[in-house]
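Asks: Here's my sequence, what's the structure:
(2 chains)
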Amino acid sequence: MEIRPIFASLRKHRIPAILIVLEIALACAVLCNAVFMISKRVGDIGMANAIDESGLSVVNLDGTDPKLAASDIPRDLAALRGIAGVQAVGVTNSLPLSGNNWGWSFGLKSDSLVSDKSATNLSMYFLGAGTDQALGLQLKQGRFFNAGDYANSTMGGAALPDTHVVIVNESVAAQLWPGKPALGQVLYSNPSYYTVIGVVGNVVRPYANIRSTQRSYAATFFPLRAESTLSSYVLRSAPQDRARIVREAEQKLGEINPGAVAKGQAYSDIRDKYFADMRSMAWMLVLVCVVMLAVTAFGIVGLTSFWVAQRRRQIGIRRAVGATRGDILSYFRTENFLLTGMGVVLGMALAFGINVYLMQHYEMDRMPWYYLPGSAVALWLLGQLAVLGPALRAAAVPPVVATRSV
Amino acid sequence: MFGYYLDLAWHSLKRSPVLTALMVLAIGLGIGASMTMMTVLHVLTDDPMPGRSSQLFTPHLDPLPLNYKQGDDSPDAADNVTWPDAMALLKAHRAERQAAMAGGTLLVRPARADLRPFNVDGRFATADFFAMFGLTFEYGEAWSAVNDAARAHVVVLSDTLHRKLFGNGSGIGQDVRLGDHDFRVIGVSADWQPKPLFYADPGAQHYSDADQFFIPLSAAVDLKLSTNGNQSGWGKNNDSTSLTGATMTWLQFWVQLDSPAQVQAYRQFLVDYSAQQKALGRFERPSTDAKLYTLMDWLNHENLVPNDVRLQLWLALGFLFVCMVNIVALLLAKFLRRSSEISVRRALGARRRDIFLQLGIESALIGVAGGMLGIVIAQIGLWSVRHRPDDYAQLAQMDIPMLLGTLALAIVASVVAGLLPAWRACRVQPALQLKTS
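Replies: Residues are numbered from 1 along each chain as shown, chains lettered A, B, ... in the order given. This is a model prediction of the structure:
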């Protein structure tokens, strides 16, 4: 296909040509960034979390007498264990993605203070006896807490427990002691210190950090005897039993703790709620992309149709001097291909610029390079699809048009 | 002439209904999406206390040690105030009114047998809170500084909570059990929910939270009621979690200053106070770090508008721009297709200006139709925002200025989009056109 005549003709229709190029460029720029944002959010929503998410139910108990916790909690646990279908029960202060964070900064030297600049902020989960197994933590190294660990650990209203053992996430171990075995290492916050006795698969913190996966996994686990800090009961069961178990657990805990409020839900609901606005944002981005592509496509259809109508006579003449229908068709398709090509080159530069701007002003990462050619191909396809209708109409112009004046 | 042009425009639009519909749809979608996000941003950045906000200020002291490490994920620890600083500012009494406060969630244990215990959000505050923020009372009254000093177990309930607990009767003088303590009801305030809840802790849900009860701060600290805001400490282990300790920020402090002179004086007072604390060795940072924010500046500083909303607005405007380029192209096609008609009019004596005006009116007509569609689409958009799980969802409503703004934006956008095509079309050479056709 000879492209020089196409360029010559485009030079005559400079304004419409520029408009198509501009429209493609803008669509390409917005598309790149929007798709990148969608994929980022889809990635966050799917964030891995090494507990038995699908089998867990959670019941929060609020309003009990803190002084009676030592006897109430074991009684409550025993009652929950009696519910049909419950495989394991435990109690903790908070759950991943629940928004209820207990954080502290630890150092690696024995005189480290919480306020030290070099200290690392970690989320602390306090687990009652057996809760490590009830949650379904995945032990990678070392051991879980034993009965002695649980019995010897108290808080008594302080910020830190007086135990000396801790279990950490794999990600924490890799961050704090790169290349070294984590077992036996110590976290300090003078005068407290905690020796790592176990490493587990990565559990998300109560707050995920959308900027950094590593920060989202900065969580640690401490044993704690029955104390009022522990107010979230976790129950593990088959997934299909969860709704019934939540109902029965709420009822049972309400009966034996008349002054308190028991509120339960399946763990998956906590997770869904946490990501709900991210999900709605992703859908809204999808909607904008689809509508924008449709508008762009209609724009191309409209403009090309006008073009075809304007050049009916010229098309007739070409057909009369021997051009086949295929030639006419491929003329318009090549023309569109060239215009879209110019548009996407401009659009890719624009997309890159927008991404750099968003990185500076919003919490945005650098866009991987393959988004650029990806959306270029998408727009090329869209352009070819949009031009097909008008181009077919152009190809259907009979040669006899050439001999008639309008 | 205007009526005639309108008539011409109407006929011309009717002649190519598909193209017209396409243009109206494009401008409607672009305007609808943009106005949805603009409305959301508009309600999020609105003044929560119209008429009063210019007199409300919040002091910002910086008691943090020089080597304090701000958390990556937590709000600035210096955004809140420590107990000793709040008490010192209260005692100094340098402003017209001043109050220290903190949010709390308590379990209400109703006396009525048919109600289960439930949690409510409220505020622990000092006496000036009510007069300073202008709460109105349905029954009873606020507590006084005397009650503050006596750490009195009294409570002011919101109308909603009062109705829930006492039905239509009056609860004044009766006891309500909150947490593990009884509080005597001394007042019932009309429901109070400034949007955003500007005085709440930086971590609060500013657009959906509302205070249902008010308890003297002194009593709350005395009873060690748990607060639900951010507490940032830098003392050694356990002193940093004591509410009255000097090394933990957790309180919010607001003052009312009526004149610029008072504002100036208060600013100086804060600097002097910081300098004095520095001399005592408590503060480590320069005393000039002490600031006084106006209410609107404070909202800006807190950056309450979610980044997602700004991003979505940019996206919507980008989309509107795509739509406009699209309309420019379609109008160009439409106008140039009528070259012969324009040539006839020109040959019969119409000036370029007349043609330009005629085509401009045609663009504006598309804008009006697009604006109408835009309003409908924006209402659907806002309806979907209201069904989103975000904190601010319930606020997404369009007011009259935004409604008119939508229509105006649509007309301006379409007229701007029509400029280039109209200019191009009125430069058609009549003689050439007439000859070739």
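Asks: tell me the phi and psi of the residue in the stretch 301-437 of chain B that chain A sits nearest to?
Replies: The minimum distance from the stretch 301-437 of chain B to chain A, using C-beta to the nearest C-beta, falls at residue B:333 (3.3 Å). Glycine gets a C-beta too; all of them are placed from N, C-alpha and C. Per-residue torsions, residue B:333: phi -60, psi -40 (degrees, to the nearest 10).
Asks: So what's the residue count around it?
Replies: Each residue near residue B:333 was counted by other C-beta atoms under 10 Å in any protein chain shown, and the total is 23.
Asks: in which helix or strand would I find the closest residue to it other than its chain neighbours?
Replies: Counting by C-beta to C-beta, 6 or more residues apart in numbering or on different chains, residue A:306 is the residue found nearest to residue B:333 once chain neighbours are left out, at 3.3 Å. Following DSSP states H and E, one finds residue A:306 within helix A:267-310.
Asks: Show me what that helix packs onto, helices and strands only.
Replies: In terms of contacts (3 or more C-beta pairs under 8 Å, 6 or more residues apart in numbering or on different chains; DSSP states H and E), helix A:267-310 is packed against helix A:14-45, strand A:56-62, helix A:325-361, helix A:371-395, helix B:17-44, helix B:307-337.
Asks: Show me how far that helix is from its chain's centre.
Replies: Chain-centre distance of helix A:267-310: 19 Å, with C-alpha atoms, centre = their mean, to the nearest Å.
Asks: Can you redo the helices and strands packed on helix A:267-310 as CSV, where the extra columns are distance to residue B:290 and mean pLDDT?
Replies: Shown next, in CSV, are those (distance: least, C-beta to C-beta, whole Å; pLDDT from 0 to 100):
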stretch, distance to residue B:290, mean pLDDT
helix A:14-45, 39, 89
strand A:56-62, 39, 93
helix A:325-361, 29, 92
helix A:371-395, 47, 91
helix B:17-44, 29, 88
helix B:307-337, 29, 86
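Asks: Could I get these in JSON lines, plus columns for distance to residue B:97?
Replies: Formatted as JSON lines, the helices and strands packed on helix A:267-310 follow (distance: least, C-beta to C-beta, whole Å):
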{"stretch": "helix A:14-45", "distance to residue B:97": "45"}
{"stretch": "strand A:56-62", "distance to residue B:97": "35"}
{"stretch": "helix A:325-361", "distance to residue B:97": "38"}
{"stretch": "helix A:371-395", "distance to residue B:97": "55"}
{"stretch": "helix B:17-44", "distance to residue B:97": "28"}
{"stretch": "helix B:307-337", "distance to residue B:97": "33"}
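Asks: Which among the ones you listed is found nearest to residue A:213?
Replies: helix A:14-45 (9.0 Å; C-beta to C-beta).
Asks: So which bits of the stretch 251-400 of chain B are right by chain A?
Replies: Within the stretch 251-400 of chain B, the positions near chain A by C-beta under 8 Å from any C-beta of the partner chain are B:307-308, B:310-312, B:315-316, B:318-319, B:321-323, B:325-326, B:328-330, B:332-334, B:336-337, B:384, B:388-390.
Asks: Selecting buried members of those in PyMOL, what would you type?
Replies: One line in PyMOL is enough to select the buried members of these, burial here meaning 16 or more other C-beta atoms under 10 Å in any protein chain shown:
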select buried, chain B and resi 308+311+312+315+316+318+319+321+322+323+325+326+328+329+330+332+333+334+336+337+384+388+390
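Asks: Can you pull out the low-pLDDT segments for the chain?
Replies: Just so you know, I chose chain A. A:1, A:405-406 (pLDDT under 70).
Asks: hmm, I had chain B in mind actually
Replies: For chain B (pLDDT under 70), the answer is B:71-74, B:236-241, B:436-437.
Asks: care to break it down by domain?
Replies: Listed by automatic domain parsing, the domain ranges of chain B are B:2-45+B:306-436, B:72-257+B:295-302.
Asks: TSV please, covering these and showing distance to residue A:55.
Replies: Converted to TSV, the domains of chain B look like this (distance: least, C-beta to C-beta, whole Å):
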stretch	distance to residue A:55
domain B:2-45+B:306-436	25
domain B:72-257+B:295-302	28
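Asks: OK, contacts around the residue of the stretch 251-400 of chain A found nearest chain B?
Replies: Residue nearest to chain B within the stretch 251-400 of chain A: residue A:306 (3.3 Å; C-beta to the nearest C-beta). Residue A:306 makes contact with A:16, B:333, B:334, B:336, B:337 under the criterion C-beta atoms under 8 Å, 6 or more residues apart in numbering or on different chains.
Asks: Over to residue A:371?
Replies: Contacts of residue A:371 (C-beta under 8 Å, 6+ apart): A:32, A:35, A:36, A:351.
Asks: Check residue B:27 too.
Replies: B:323-324, B:327, B:366-367, B:370-371, B:373-374, B:410, B:413-414, B:417.
Asks: For residue A:372, state which of these is nearest.
Replies: Each of the contacts of residue B:27 was checked against residue A:372 using C-beta to C-beta; the closest is residue B:323, at 23.4 Å.
Asks: How about the contacts made by the closest residue to the closest one other than its chain neighbours?
Replies: Nearest non-adjacent residue to residue B:323, counting by C-beta to C-beta, 6+ apart: residue B:30, 3.2 Å away. Neighbouring residues of residue B:30 by C-beta under 8 Å, 6+ apart: A:295, B:319, B:320, B:321, B:322, B:323, B:324, B:374, B:413.
Asks: Distance to residue A:119 added to those residues, as TSV?
Replies: Below are the contacts of residue B:30 laid out as TSV (distance: C-beta to C-beta, whole Å):
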residue	distance to residue A:119
A:295	52
B:319	45
B:320	48
B:321	47
B:322	49
B:323	52
B:324	53
B:374	53
B:413	54
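Asks: show me where the stretch 1-150 of chain A has helices.
Replies: Ranges of helices within the stretch 1-150 of chain A are A:4-12, A:14-45, A:69-81, A:131-135, A:147-151, based on DSSP state H, counting those that start in this stretch.
Asks: Between the ones you listed, which one is closest to chain B.
Replies: Among the helices of the stretch 1-150 of chain A, the nearest to chain B by C-beta to the nearest C-beta is helix A:14-45 (4.2 Å).
Asks: So is that closest one next to chain B?
Replies: Yes: Helix A:14-45 reaches chain B (C-beta under 8 Å from any C-beta) through A:15, A:16, A:19, A:20, A:22, A:23, A:26, A:27, A:29, A:30, A:34, A:37.
Asks: Give the buried residues for that helix.
Replies: Going by neighbour count (16+ other C-beta under 10 Å), the buried part of helix A:14-45 is A:16-38, A:40-41, A:44-45.
Asks: In terms of secondary structure, what does the longest helix along chain B contact?
Replies: Of all the segments of type helix in chain B, defined by DSSP state H, the longest one is helix B:352-386. Secondary-structure packing of helix B:352-386 (3+ C-beta pairs under 8 Å, 6+ apart): helix B:2-15, helix B:17-44, helix B:307-337, helix B:339-347, helix B:400-425.
Asks: what about the nearest residue to residue A:317 once chain neighbours are set aside, how many neighbours?
Replies: Excluding its sequence neighbours, the residue lying closest to residue A:317 (C-beta to C-beta, 6+ apart) is residue A:402, at 4.3 Å. Residue A:402 has 17 neighbours, counted by other C-beta under 10 Å.
Asks: now do residue A:208
Replies: Number of residues near residue A:208 (other C-beta under 10 Å) recorded here: 24.
Asks: Quick check: phi and psi at it.
Replies: phi -80, psi 150.
Asks: which ones are touching it?
Replies: Taking C-beta under 8 Å, 6+ apart, we find residue A:208 in contact with A:44, A:47, A:97, A:216, A:274.
Asks: Can you name the residues that contact residue B:57?
Replies: B:95, B:254, B:255, B:256, B:257, B:263, B:266, B:292, B:293, B:294, B:295.
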